[in-house]
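Engineer: sequence isn't available, so here's the structure alone:
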C-alpha cells in the first residue's frame, strides 16, 4: 500500500462497501472544520480572482505566523508543490531524512536529483546540496529541533541549496514550526491544509519561502492553482482560530485514548503525531490482515514488517470497535 | 489586462461591487451545469481515492470520445497541464500559432524553449520541434482543419516533437476535435471542463495523449491532482449528455443575439466561438472605457487596439443593458 486514506485496495481484497469500513489508514482529522451550507455560486462558476486569492493568502499568513520577509504561495494541495520543488531547485543531490513520506524522494528522483537517504542531519556529506525533512515526521513523529534545522539551513545556503521542511502535521504542535527561518534562509516550509482541518478532498496546501524562492514556485504553478471552494473554505477555516485551538485539544485527547487501546493490545507505542500513532508488534502483518477481515483498515509499510500506523477513530463506538477487533484478532 | 474573468482590476479602476458589474470579459458559460445540493461529505473530507478518479476518467473518455489507444489524464484545470507540458517535452523550439491564449508561450519560454510565433502551420521551419495550436482559437475562433493538424503531427513525429492542441472551446463544436489522432500520433489534446460546463472555479481539465506521453504527465502531476468535488461534480456533469446537447443550442442561439447587438453598435464580427465573440471597431479602446464606466467589463488585448471580446450576457436583461450602454457610449 503506497498511501493511506484509500479504501480501493482494501475493498478489492477484503470486500465490503465504504460504509462498512473503519478507515484508520489516514492521518486526516476525522472531525473536519464545518463547511457552511451554501457556498457562493461564484466560487464554483467564476475563475478565482486575484482578490479571492489575496484574501486566502492574508488568512494563511496570519494562521501560520509567516514573518514579514517571507512569502506564502497557495497550491492545490501540498503534493502539487512536492512535484514542482525538485524541478525548480538547483542541480545536485538531495538528502532525505528517512523513513518518511515517500513522495519527496520520488519527486526529486524524477527531476534528476540523486537522493541520499539519511537517518538524521548529522555529518551531511559534502555532496549534499538540498535537504528534505518532514517535521514532525510521518510516520514516527520524530521532531528535529529548530537549532539543528537552522544550522542545516546555514550550511545549505553556502552550497546554494534548499532546506525543505514539510510541516504537514505541525498544526497540532505549532511550536515545532520553523516558518520564522524562511525570511532569512533558503528554507521552504510546506503546510498542508487538508489534514488538520479534516478536508483532504479540498486540495489546498502552501509553500512558505523567501521572495527569491517563492516567486519561481508561484510562476511554475501558474494562474488559478486553487479552486474557488478551496479559496473560500480555506480562508474561512484559517481565520477560525477558536476552532483550531479546540481541535488541537480534541485530537491530542483522542490520540491518548488510541494509545491506551493499542498498548492494551500488546503494541509498543513508537511515536506519531496527534493525527496518527505508530506502533510496534512483531506480528504486525498478521494483525493488519485480521483487522482487514473485520473491515478495519490501518497503514502498514513495505520497509518494516513490525510497524502499523493508526489514525484516529471518529467516535467512541469506533474506538471500541477497534479494541474488540484487536482482542479477537 | 492579462486574462478575462477577473473583476479585480475593473473594480480598482472603475469602482462598484461585484453585484453591480456585468462581466463579459470571460469565455465561461454563464448557465452552469446545475450542481446537486449536498455533495457527499466524503468528497470534501477524504483524499480522493483511485476508484473516485477512475470513475471520472471513465466518464471523460466517453464524453470526449477518447479512442481505445489513447489515455486521458485529469488535472486541477487545464492551466496546470499547460504549466507542465513544456517541462516534459524534449528540448527544442516550439511554434505557437498566434495571436492566442498567452499562457502557452509563457510556459514554454519558462521551461527554456525558444518560442516562434506563427500565423498558421504552413512552411514550418526545420528548427521547429513542437507546435501549440488553440483550436478553435481564442480569441478569433479560427479552426485549423484535421487534415492540416494530422500532417503537422506526422511532421513532428519525425522530429521527436509534440503537437499540442488546446481544445478549451471545442465542446461547442465537437466536430473540430482531433482527439482521434492521439492514439497514433504525438498529439496532446487539452480539454477544459470549466468553460463549457460553466464551473471554472472547480478547476478541472484533461490531457489526452498516447500512453508514452500520458504516463509522464500523470507522474508529473503526482497523486490527488483533482479535488473530491471536482471528481464528483465533473463525473456527473460529463455523464449528462442531454444537458450538453441543450447547452450547445442555447449557447449558439445566444451568441447570434450578441452578434446582432454588437453589429448594431457598429462592430464588425471578426469571429469567436459560441462562448465569446471577437469584434472590431476602430475606437475599441474608447468603447471599452465607456462600458467600464457603466460597469460592463469586456476583454481588450494589448496586441490590437481595435478589437474587443465579449462573453455571453446571462439573461435578456443583461443583453439589453449591453445594447443600451453601447448606444450611450
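Structural biologist: Alright, I've got the coordinates. Since we're looking at a predicted model, the values are computed, not measured.
Engineer: got the residue ranges for the strands in the stretch 101-250 of chain A?
Structural biologist: A:115-118, A:130-134, A:163-166, A:187-192, A:205-209 (DSSP state E, counting those that start in this stretch).
Engineer: list the buried residues in the lengthiest strand in chain A.
Structural biologist: Counting residues, the longest strand found in chain A (DSSP state E) is strand A:304-311. Counting neighbours by 16 or more other CB atoms under 10 Å in any protein chain shown, one finds that the buried residues in strand A:304-311 are A:306-311. All C-beta atoms are positioned from the backbone trio N, CA, C, and that covers glycine.
Engineer: if we can go back for a sec, and residue B:201, which of the strands of the stretch 101-250 of chain A is closest to it?
Structural biologist: When the strands of the stretch 101-250 of chain A are ranked by distance to residue B:201, counting by CB to CB, first place goes to strand A:205-209 at 18.1 Å.
Engineer: from the chain's centre, how far out does the closest one sit?
Structural biologist: On the basis of CA atoms, centre = their mean, to the nearest Å, strand A:205-209 sits 13 Å off its chain's mean C-alpha point.
Engineer: what is that strand packed up against?
Structural biologist: When contacts are defined as 3 or more CB pairs under 8 Å, 6 or more residues apart in numbering or on different chains; DSSP states H and E, strand A:205-209 packs onto strand A:71-75, helix A:78-88, strand A:187-192, helix A:211-221.
Engineer: most tightly packed of those?
Structural biologist: strand A:187-192 (a mean of 25; mean count of other CB atoms under 10 Å in any protein chain shown).
Engineer: in a markdown table, list the buried residues of strand A:304-311 along with distance to residue A:202 and pLDDT.
Structural biologist: What follows is these, written out as a markdown table (distance: CB to CB, whole Å; pLDDT from 0 to 100):
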| residue | distance to residue A:202 | pLDDT |
| --- | --- | --- |
| A:306 | 35 | 98 |
| A:307 | 30 | 98 |
| A:308 | 28 | 98 |
| A:309 | 23 | 98 |
| A:310 | 24 | 98 |
| A:311 | 18 | 98 |
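Engineer: tell me which of these is nearest to residue A:181?
Structural biologist: The closest of these, once distances to residue A:181 are taken by CB to CB, is residue A:309, at 28.5 Å.
Engineer: that closest one: what's it in contact with?
Structural biologist: A:4, A:25, A:27, A:139, A:272, A:276-279, A:298-301 (CB atoms under 8 Å, 6 or more residues apart in numbering or on different chains).
Engineer: mind putting these into JSON lines with distance to residue A:149, pLDDT and secondary structure?
Structural biologist: Listed next are the contacts of residue A:309 as JSON lines, based on distance: CB to CB, whole Å; pLDDT from 0 to 100; DSSP: H, G, I helix; E, B strand; the rest coil:
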{"residue": "A:4", "distance to residue A:149": "26", "pLDDT": "84", "secondary structure": "coil"}
{"residue": "A:25", "distance to residue A:149": "29", "pLDDT": "96", "secondary structure": "coil"}
{"residue": "A:27", "distance to residue A:149": "22", "pLDDT": "95", "secondary structure": "coil"}
{"residue": "A:139", "distance to residue A:149": "20", "pLDDT": "97", "secondary structure": "coil"}
{"residue": "A:272", "distance to residue A:149": "20", "pLDDT": "97", "secondary structure": "strand"}
{"residue": "A:276", "distance to residue A:149": "22", "pLDDT": "98", "secondary structure": "strand"}
{"residue": "A:277", "distance to residue A:149": "24", "pLDDT": "98", "secondary structure": "strand"}
{"residue": "A:278", "distance to residue A:149": "22", "pLDDT": "98", "secondary structure": "strand"}
{"residue": "A:279", "distance to residue A:149": "27", "pLDDT": "98", "secondary structure": "strand"}
{"residue": "A:298", "distance to residue A:149": "31", "pLDDT": "97", "secondary structure": "coil"}
{"residue": "A:299", "distance to residue A:149": "26", "pLDDT": "96", "secondary structure": "strand"}
{"residue": "A:300", "distance to residue A:149": "30", "pLDDT": "95", "secondary structure": "strand"}
{"residue": "A:301", "distance to residue A:149": "25", "pLDDT": "95", "secondary structure": "strand"}
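Engineer: closest one to chain B out of those residues, please.
Structural biologist: residue A:4 (8.2 Å; CB to the nearest CB).
Engineer: I'd say the closest one and residue A:101 touch.
Structural biologist: No - assessed by CB atoms under 8 Å, residue A:4 is found out of contact with residue A:101, at 10.3 Å.
Engineer: now do the shared contacts for the two.
Structural biologist: Joint contacts of residue A:4 and residue A:101 (CB under 8 Å, 6+ apart) do not exist.
Engineer: thinking again about what came up before, okay, the helices and strands packed on strand A:205-209 in TSV with distance to chain B and mean pLDDT next?
Structural biologist: Formatted as TSV, those follow (distance: least, CB to the nearest CB, whole Å; pLDDT from 0 to 100):
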stretch	distance to chain B	mean pLDDT
strand A:71-75	9	98
helix A:78-88	4	98
strand A:187-192	11	98
helix A:211-221	6	98
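Engineer: surely residue A:226 and residue A:48 touch.
Structural biologist: Yes - assessed by CB under 8 Å, residue A:226 is found in contact with residue A:48 at 6.3 Å.
Engineer: okay, those two: which has more neighbours?
Structural biologist: Neighbour comparison, residue A:226 and residue A:48: the larger count goes to residue A:226, with 30 against 27 (by other CB atoms under 10 Å in any protein chain shown).
Engineer: which non-adjacent residue is nearest that one?
Structural biologist: residue A:74 (5.1 Å; CB to CB, 6 or more residues apart in numbering or on different chains).
Engineer: the one you found and residue A:203 touch, don't they?
Structural biologist: No - using CB under 8 Å, residue A:74 is not in contact with residue A:203; the gap is 10.6 Å.
Engineer: what is in contact with the two at once?
Structural biologist: A:226, A:230.
Engineer: so is stretch A:125-137 next to chain B?
Structural biologist: No - taking CB under 8 Å from any CB of the partner chain as the criterion, stretch A:125-137 and chain B are apart, separated by no less than 14.9 Å.
Engineer: list the buried residues for that stretch?
Structural biologist: For stretch A:125-137, by 16+ other CB under 10 Å, it's A:128-137.
Engineer: reformat the helices and strands packed on strand A:205-209 as a markdown table; add distance to residue B:183.
Structural biologist: Formatted as a markdown table, the helices and strands packed on strand A:205-209 follow (distance: least, CB to CB, whole Å):
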| stretch | distance to residue B:183 |
| --- | --- |
| strand A:71-75 | 33 |
| helix A:78-88 | 27 |
| strand A:187-192 | 38 |
| helix A:211-221 | 30 |
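Engineer: now residue A:296. Its backbone dihedrals?
Structural biologist: Backbone torsions of residue A:296, given as degrees, to the nearest 10, read phi -120, psi 120.
Engineer: can you pull the residues of the stretch 151-300 of chain A lying near chain B?
Structural biologist: A:194, A:198-203, A:219-230.
Engineer: report the buried members of the residues you listed.
Structural biologist: In these, the ones that pass as buried (16+ other CB under 10 Å) are A:194, A:198-203, A:220-230.
Engineer: which of these fall in helices?
Structural biologist: A:220-221, A:228-230 (DSSP state H).
Engineer: nearest to residue B:44 among these?
Structural biologist: Of these, the one sitting nearest to residue B:44 (CB to CB) turns out to be residue A:229, at 8.4 Å.
Engineer: can you tell me how far the closest residue in space to residue A:294 that isn't next to it in sequence is from residue A:292?
Structural biologist: Spatial nearest neighbour of residue A:294, excluding adjacent residues (CB to CB, 6+ apart): residue A:325 at 4.5 Å. In this view, residue A:325 and residue A:292 are 10 Å apart by CB to CB, to the nearest Å.
Engineer: for residue A:78, same thing?
Structural biologist: Residue A:78 is 28 Å from residue A:292, by CB to CB.
Engineer: OK, contacts around the closest residue to residue A:206 other than its chain neighbours?
Structural biologist: Distances taken as CB to CB, 6+ apart place residue A:191 nearest to residue A:206, at 4.5 Å, with adjacent residues excluded. Going by CB under 8 Å, 6+ apart, residue A:191 touches A:60, A:64, A:78, A:167-168, A:170-171, A:205-206, A:208.
Engineer: this completes my enquiry, with thanks.
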